[in-house]
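# Next come a sequence and a model predicted from it.
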Amino acid sequence: MFNAWGTGYLEPFSAERVTFGTIPIVDLTFWALMLGGWLVVRYRRRRRQGAGGPAHRVYRFVWLLMVLHVAVQSAQGYMLYQQASERYEQVALSADFIPGVFTVIGKSGATVDLARGTWWTGVTTQTQLHSQETADLTQLFETNPKAKTLQEWSPFVVVVDDEKRLGVYDPRFYRNGQSFLFEFMEKSGL
């Protein structure tokens, strides 16, 4: 729910995905906290020659730090989301691997901006995408049903309609000139 994939809490009654985008899909902070807790417990046990000690207290503290991390990330993401909501018709967030850094994806009309930054430094536009909103996607959805699912599950999509292909992609996963969530059909033979 806190990552960019989201979750379908209301399924099967609704296809609406609940996503905040405030925690990366793979959060290295979680891994570091868990590893740190495990190392503390292991070090304490070795020092006491196997006596153990209150490992549950260490792990509770690790959980507390993880909850604090989610709260701080979510607060920062909320502030960025509110700032972007004033400029765009639709907004989505995607947390980066570095804590506190987000990609704000904003859509106004057929233009989608990908801006990266933090709440304390502000965001700067990295990429501007143009969506072909007037394209007829009926044949795409018939040919590639995954494209229809992608359109339903994404907060919004970018429509590609060029001489080679017709497709939709989720701009939250746009990296290095392409999105790995891209469903399309070739136009050859149309």
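Thanks, I have the structure now.
# in stretch 69-89, what counts as buried?
Across stretch 69-89, burial judged by 16 or more other Cβ atoms under 10 Å covers 69, 70, 73, 74, 76, 77, 80, 81, 84, 88. The C-beta positions use only the backbone N, C-alpha and C, and glycine is treated the same way.
# Oh, that last question was meant for stretch 87-103, not what I typed.
Here stretch 87-103 shows 88, 91, 92, 93, 94, 95, 99, 101, 102, 103 as buried, counting by 16+ other Cβ under 10 Å.
# Stretch 29-46 too?
29, 30, 33, 37, 40, 41.
# Looking at this structure, which helix is longest?
Taking DSSP state H as the criterion, the chain has its longest helix at helix 55-85.
# Tell me the first helix or strand C-terminal of that one.
Counting by DSSP states H and E, the next helix or strand C-terminal to helix 55-85 is strand 90-95.
# Against which helices or strands is that next one packed?
helix 55-85, strand 102-108 (3 or more Cβ pairs under 8 Å, 6 or more residues apart in numbering; DSSP states H and E).
# Turn the ones you listed into TSV, columns for distance to residue 167 and mean pLDDT.
Shown next, in TSV, are the helices and strands packed on strand 90-95 (distance: least, Cβ to Cβ, whole Å; pLDDT from 0 to 100):
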stretch	distance to residue 167	mean pLDDT
helix 55-85	26	92
strand 102-108	17	93
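# a markdown table for the ones you listed, including distance to residue 23?
Shown next, in a markdown table, are the helices and strands packed on strand 90-95 (distance: least, Cβ to Cβ, whole Å):
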| stretch | distance to residue 23 |
| --- | --- |
| helix 55-85 | 6 |
| strand 102-108 | 11 |
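# Quick one, which of these gets closest to residue 168.
Set against residue 168 and scored by Cβ to Cβ, these come closest in strand 102-108, at 13.1 Å.
# Partner strands of that closest one, with direction?
Sheet pairing for strand 102-108, assigned by DSSP bridges, gives strand 90-95 (antiparallel), strand 111-118 (antiparallel).
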